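Participant: Fold the following, please.
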Amino acid sequence: MATAYASIELAVDAMKLGATDFVRKPMTPEILRNAIAAA
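Facilitator: Next up, the predicted model:
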C-alpha cells in the first residue's frame with residue numbers, strides 16, 4: 001500500500017487486510033521497485 005497519509009493504525013489495518021508492504025509518499029523509484037519485487 002502506498003499513501004501520503006501514513007499512521008500506525010492505517011499500516012496495521014492494511015497489513016490485516018493483506019498488504020505485503022506499506023510505503024509512504026513521496027517514495028523513490030528504488031523503494032517502489034523493492035516493494036513490488038517483494039510482493
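
Participant: in what helix or strand does D13 lie?
Facilitator: Using DSSP states H and E, the element containing D13 is helix 8-16.

Participant: who's in contact with L32?
Facilitator: L32 makes contacts with A2, V23, as judged by Cβ atoms under 8 Å, 6 or more residues apart in numbering. In short, each C-beta sits where N, CA and C put it, glycine included.

Participant: Same question for the one 3 residues further on.
Facilitator: Contacts of A35 were listed using Cβ under 8 Å, 6+ apart, and they are T20, D21, V23.

Participant: Over to T3?
Facilitator: Contact analysis of T3 by Cβ under 8 Å, 6+ apart lists L10, F22, V23, R24, K25.

Participant: would you turn the residues you listed into a markdown table with neighbour count, pLDDT and distance to L32?
Facilitator: Shown next, in a markdown table, are the contacts of T3 (neighbours: other Cβ atoms under 10 Å; pLDDT from 0 to 100; distance: Cβ to Cβ, whole Å):
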| residue | neighbour count | pLDDT | distance to L32 |
| --- | --- | --- | --- |
| L10 | 14 | 91 | 18 |
| F22 | 17 | 89 | 13 |
| V23 | 18 | 91 | 7 |
| R24 | 13 | 88 | 11 |
| K25 | 10 | 90 | 10 |
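
Participant: Keep only those of those residues that are in strands.
Facilitator: In this view, the contacts of T3 that belong to strands under DSSP state E are V23, R24.

Participant: so which of the contacts of T3 comes closest to A4?
Facilitator: Using Cβ to Cβ, K25 is the member of the contacts of T3 that sits closest to A4, with 4.3 Å.

Participant: contacting residues for the closest one?
Facilitator: K25 is in contact with A2, T3, A4, counting by Cβ under 8 Å, 6+ apart.

Participant: Pick the one among the residues you listed closest to E30.
Facilitator: Within the contacts of K25, the smallest distance to E30 is 14.0 Å, found for A2 (Cβ to Cβ).

Participant: my read: the closest one touches P26, true?
Facilitator: No. Contact between A2 and P26 fails when scored by Cβ atoms under 8 Å: they sit 9.8 Å apart.

Participant: how many neighbours does A2 have?
Facilitator: Number of residues near A2 (other Cβ atoms under 10 Å) recorded here: 15.
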